[in-house]
Each structure stands twice: as structure tokens, then as C-alpha cells.
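Engineer: make a model of this:
(2 chains)
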There are 2 protein chains.
Amino acid sequence: MNLRIPGPTPIPDAVAQAGAAPMINHRGPEFAAMMARTTAGVKQVYQTQNDVMTVTASGTGVMEAAVVNLVEQGEHILVISIGEFGDRLINLVNIYGGKCTELKFDQGLAADLNQIESTLKANPEIKTVLITHNETSTGVTNPILPELAKLVHSIDGLLIVDAISSLSSVPVKVDEWDLDVVLSGSQKGWMTAPGLAFISMNERAWAKNDRNKQPRFYFDLRRHQRSAVNGQTPWTPAVSVWFQLDHSLKLMLAEGIENIFARHARLGQMTRSGVKSMGLKLLATEGVESNTVTAIRLPEGIDGERLLQVAQDDFDTVFAGGQGSLRGKIIRFGHLGHVHEPDIEAGLVALRGALAKVGYKG
Amino acid sequence: MNLRIPGPTPIPDAVAQAGAAPMINHRGPEFAAMMARTTAGVKQVYQTQNDVMTVTASGTGVMEAAVVNLVEQGEHILVISIGEFGDRLINLVNIYGGKCTELKFDQGLAADLNQIESTLKANPEIKTVLITHNETSTGVTNPILPELAKLVHSIDGLLIVDAISSLSSVPVKVDEWDLDVVLSGSQKGWMTAPGLAFISMNERAWAKNDRNKQPRFYFDLRRHQRSAVNGQTPWTPAVSVWFQLDHSLKLMLAEGIENIFARHARLGQMTRSGVKSMGLKLLATEGVESNTVTAIRLPEGIDGERLLQVAQDDFDTVFAGGQGSLRGKIIRFGHLGHVHEPDIEAGLVALRGALAKVGYKG
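Structural biologist: Next comes the predicted model:
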């Protein structure tokens, strides 16, 4: 099966096997040594000296962690949304008592820095900004993180970045860009099963966390930080997924993160070229297409559900459909993590074949 | 390594290997089929027709889920604690705005039904009661669940039971005893890696959940229930751990849950007899000793840290130390999940040898 969805992603055999190692004591020296190794490795990929915590949860878990640790009750918050996952941040801020200003951009567009600047000027009490780096639902990567961080810091604010489906596949220079809080998840570019998610915190973020009275426990990052000092997690971690992460980080650092980024850029380009050569259109506007997932507009008259079914049944390839209001309007072709040219070629062949079978004349 | 801690527990090779299967789409038909199978299997082990949800988190995650879904802000709550994990429930209730009455029993004791009854009589506004079934920190199993459920229902209340380290190893008859909400975790008797946790909800619990205004998202059980209808989880699940659970449930149902309970009763007895034959004393009072973990009082003058170290280094056996105020006063010998007579024998040999090495004359 060619798993061409934007996560969970295929896992290298050696990584999958590493997860089958005998269970260990999560409060013992073997776990502490592994945690030290993986934390160092994750920080290398994050390109940061900030604390990075590994939490047993899906990516949504660290989205919630960011909100309950860093959004105060009644605080005025700006959430910039370019799709489903941005909307999830809005949802979280509202649920946890933030006063949310939503700055939404149409599906396929990236966020516009000028509009963000105007919004912040019009709402000077906003000191916390949340944004999705790579919007998995539309195949768009926001290119403005360095400028946005400068803007947010110029008003003494805090920037929280959901980089779940980008960090480890495309450059997210946490320290160089001065990103305060950054999220990622094991089942994306990290070539590991789902179950672990990452969150980095700099000093600005810890200071805000310290004064925040929002109730929190499982996702209380102070508890995670305190346990990390002893080479532990506050609650029992997903040890077998952690074994996988430990192995996948070795592979990633051996390949080199710049090489990984170059590979994803190449494969993103290759996917887009192949898709366009079939006469298909992308959802993302030119210049902001994601190098981890390509959202393809379904041609007039093509039934998306049937296309996905035919691709799976007859071409052994799994693509993802659209989410929310994009259901039935797009399909999504994932190209992140353990993926190489032959996987993309096979994916394109499958897409072409499935399209023909469901009546696309292209 | 003989992993003799009360979780994570050793995993059968076939289960560990099952986790290394190729990754699948968590929104596809393979996952839906697996989820249907495991949910049916988990319900068999729970002995319930109630909804049981599988959440990607540690056991503490479903403790939080129970509280944020079922404790209302300002509601007067009774938490019965016989140790560290009961205290964690108290902590959660306080953090999430419940008005908590704590009924604590000394370490080694089980909860006393008469005292619970008096407390409920004295506080007629209490309608929600939380209790730990098997207290992992002291090696005590509360034997009063059926009577407690009757008592709580007689005042039209709701009973939430943390059975994380008991359910699947010792009988917890959710329907027969009419337990409203019951928690368990994959890394205990389920012979699976950590990362998944379970929570059952009956109609009474859903009704309370519906009217509860407590903010919640990741652990919002209504979202889990809605997704389950489509064979999905609301957030990306720990798929590889789920593969393991799918396999371990086959082994468990093949062995038969009554046989599993009988095995744990036998191994619990065997552990206690062996420990006592060394002249050691248990923390648990007679009659309420846990069949999943035995807490052993350290003899006068014996250094617990060193004992654990020697057991690991020289006898290839990992025991757990005491938690909280029991640190340095006890060690804990786990006997749940994938464990059989030879594992207990080897554990007892290791304990005897390590004790001799650290100067115990017994």
C-alpha cells in the first residue's frame, strides 16, 4: 500500500521494528538515556536551544497544551486561520475562555502580513497570536513566520506556531526566526507512528505560562518541565512510539536536516508538476504551495469519494479527501516523512489511473 | 530483563511485532474495522454494554477526561483516596473547580464503606463520587465497588472508578456492579505498550456530561462518541499501539477473562507467600491485597534505592520504588498482564538475592 496521506505517514521498517523492542521501566535509567537522546535530536531538528517537550498525545493535544498554558481567561487573542487547522485553534481559544479575534483567509491563500499588522494595530490589547505554519487541509505553507515574529515581538507579544505538518520536513528555524512556541507531531515528517507530539517554549513563553491561571493538568507544561529534569515524563509515556522516535531521529540526523528539506522541496515540486501535467489545478495559490501535502481540486463531474476508493482498491494507493467544507472538492496527496521519488512516481501513476477509471478525460 | 513493575508491563513478542505492521490511514476502512474489533473486545473485558472509548493518552489522561467531562464547576465532589492515585483524583477535581471533600485512608488500608456513607449523609449535596479501585502505590484493592455503587445510586449520584491497574487483570463487572464511569490503561493488564487509555460511560454519565459546561476539547468524550459512529477517533490515534491492542485482545479472549482473573489471583498469592517467606511484611492489610501489584515494606536499615539498583544490575530484574511519602519505605513487585509462574519465581529469586547483597539477614 502506498500511503499518500498527510499523516500518519509510512514508517521505515527499521523504525517500525525499533518499536517492538522489549518494554522498559519509564522511570528507569534506560528511559532517561533515551529521553535525553531524543530531546537533543528533536531540538536539532527544531533548530533551537529552547526547551522542547514530548507529550503523549496527537498533534491536537499539543494545540490544546499551547492554549491552556499560554492563553489567559478573557485575554484578547488573535488567531490567523487559513483552513481547518487554523479553525481548530480558534475553537480551542474560544473553548478555553480567550476572547478570539479571527483573521481568516480564503482556502488556498496564505496569510497576509499587512492584514495581520492592521488587525494588531486596531486591537492594541492583543498580545498573543496563533498561526498555522503549514495548513494540512489546503496544502498551503505560510511564508511569513520570520516577519510575523518580529511584528508580534514589536508589540511585546507572544507567537504560537502550529508547525505540526511542516517542522522536520521544511525549514522552521525556531531560534533564528525567534518563534516563541512551536508544535509538531510524530506521525508527520518524523517517520514515526502517531502518539507523540512536541512543543517548544522559550523564556517569553515560560514567563507567560508562569502567570497563567488557566486550569491544566495532563497538558500542564510546568509538570512536563519539572519531570524532564529527572529524565522522566510526568505521566506514563508512549514508550514503544518513543523507541521508534529514537531510531527515526538517528536516520534523520544521518540524512541531515538540510538534505531532508531539499528532498521535500524536490518531491513537492515533482508532485505539483505531475499533477498539473494531468490538467489538474491546485487549491494553493502559486508561491505558497506546501512541500508536505498537495491539495488538488477535483475536476468538474468527478466524484471524489469514488476516486479515493478506486485509487485504494485498484491502484493500492491511499490519498486523503477534503476536510470540512472542502469535502468532495479536493483530494490531498501527502509527500512528507519517509518518502522518495519512486513513491511520488507511483502515486502519480495511481492518480492518473484512478482518474481515468472514474471518467476523467483530462 | 524481568520487568516486575506495575506498568508498563512486558509485552508478548507477537503483540510487540503486531505494532510494527505497516502504517494505515486512520480515517480509512482498515482502521474502522480494527476499531470495531477492539471496542468489542475491550467491552467484553469490561463486561459491559456501555460505550467504551479508547483515547490516545496515558491513564492520567482518562482521569482528566473523567473529571472534565463529569465534574461541574463548583460542584461538591467526594473523592475517596487510599494512596497516590486517589490523591491525583483529588488534585484533578480541585484544579478543575470542583469543591472537593477528601476521604483519605491510611496507606495500606482499603476504603471503609461506613465512613463513606457517613460522609455522604453529612454532605447531602454530593452527587459525584470518585474512587480508585486498585491503588498501584500501596498494593491495595478496594473490595467495596458493588456496595458503593448501590450507595451512590441510592442518593441519585454518579460513581467514577479508576480501575486503571485492575480492570483486565481482576474482576471489574461494570454492568453487574452498575459502575457509571470506569477507567483503564493499555500498559497494565492489557499486555500492550502505553499510549492508549479506556473510559466507559453509561447513560447516567452521558446525561451528566451533556449538561456539564466545563471547558474540554482533546478529552471531550462527546467528540469521541460522535467520531466513533464513523469508525474514527476525533484526533489522530496512536495507531501502532492500537495494532498491539488488537492482537493482545485476541490473546486475552483466547485465554478467557475468567482464566486471566484466576491466573492473577494465583500469581498474587504466590508473590505474597514468597515475600512473606523471606520474613518481609506487606504494606496492604490482610484481605485487601492487590492481585496486580504487591507493596513490600523495606526492612529496617535496608536502603531501597540500592536494593532496586542491585536487583537490576545483578539480577536483571526491575522492581518499582515507593511513590510520594512512601519513597524509600517500600518496593513494589508488579504481577499483571503478560506474567506467569516462572516470572514470579524469577522475581522472588532476584528479590531474595538482592536483599542478601544489601545486607538483609531475614
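Engineer: quick one: buried residues of the helix ranked longest in chain A?
Structural biologist: What stands out as the longest helix in chain A, according to DSSP state H, is helix A:257-277. For helix A:257-277, the neighbour count (16 or more other C-beta atoms under 10 Å in any protein chain shown) marks A:257, A:260-261, A:263-264, A:267-268, A:270-272, A:274-275 as buried. For the C-beta atoms, the positions are set from N, CA and C on the backbone; glycine is no exception.
Engineer: now do A:Lys361, the pLDDT please.
Structural biologist: Looking at A:Lys361, its pLDDT reads 89.
Engineer: who are the neighbours in contact with the residue lying closest to A:Ala20 once chain neighbours are set aside?
Structural biologist: Residue nearest to A:Ala20 in three dimensions, not counting chain neighbours: B:Ala16, with 4.0 Å by C-beta to C-beta, 6 or more residues apart in numbering or on different chains. In this structure, B:Ala16 makes contact with A:19-22, A:240, B:193, B:244, judged by C-beta atoms under 8 Å, 6 or more residues apart in numbering or on different chains.
Engineer: of these, closest to B:Glu341?
Structural biologist: When these are compared for distance to B:Glu341, the smallest value, 19.9 Å, is given by A:Pro22; criterion: C-beta to C-beta.
Engineer: who's the nearest residue to A:Ser184 once chain neighbours are set aside bridged to?
Structural biologist: Take A:Ser184 and drop its neighbours on the chain: the residue closest to it by C-beta to C-beta, 6+ apart is A:Leu167, 4.1 Å away. Partner residues in beta bridges with A:Leu167: A:Val170, with DSSP bridges as the criterion.
Engineer: can you get me a residue count around A:Leu167?
Structural biologist: 30 (other C-beta atoms under 10 Å in any protein chain shown).
Engineer: same question, the one 5 residues further on
Structural biologist: Around A:Val172 there are 25 other residues, counting by other C-beta under 10 Å.
Engineer: ok, now the one 10 residues further on?
Structural biologist: A total of 31 residues lie near A:Val182 under the criterion other C-beta under 10 Å.
Engineer: can you classify it as helix, strand or coil?
Structural biologist: Using DSSP: H, G, I helix; E, B strand; the rest coil, the secondary structure recorded for A:Val182 is strand.
Engineer: which parts of stretch A:88-106 are buried?
Structural biologist: Residues of stretch A:88-106 classed as buried: A:88-103, A:105 (neighbour count, 16+ other C-beta under 10 Å).
Engineer: can you tell me how far the residue nearest to A:Ser184 is from chain B?
Structural biologist: As for A:Leu167, its distance to chain B is 16 Å (criterion: C-beta to the nearest C-beta, to the nearest Å).
Engineer: so who does that residue touch?
Structural biologist: When the contact criterion is C-beta under 8 Å, 6+ apart, the partners of A:Leu167 are A:45-46, A:133, A:182-184, A:188-189, A:198.
Engineer: please redo it, this time with the cut-off set to 10 Å
Structural biologist: Contact partners of A:Leu167, counting by C-beta atoms under 10 Å, 6 or more residues apart in numbering or on different chains, are A:42, A:45-47, A:133-134, A:161, A:173-174, A:179, A:182-185, A:188-190, A:198, A:200, A:292.
Engineer: tell me where the stretch 151-300 of chain A has strands.
Structural biologist: Using DSSP state E, counting those that start in this stretch, the strands assigned to the stretch 151-300 of chain A run over residues A:158-162, A:181-185, A:196-201, A:293-297.
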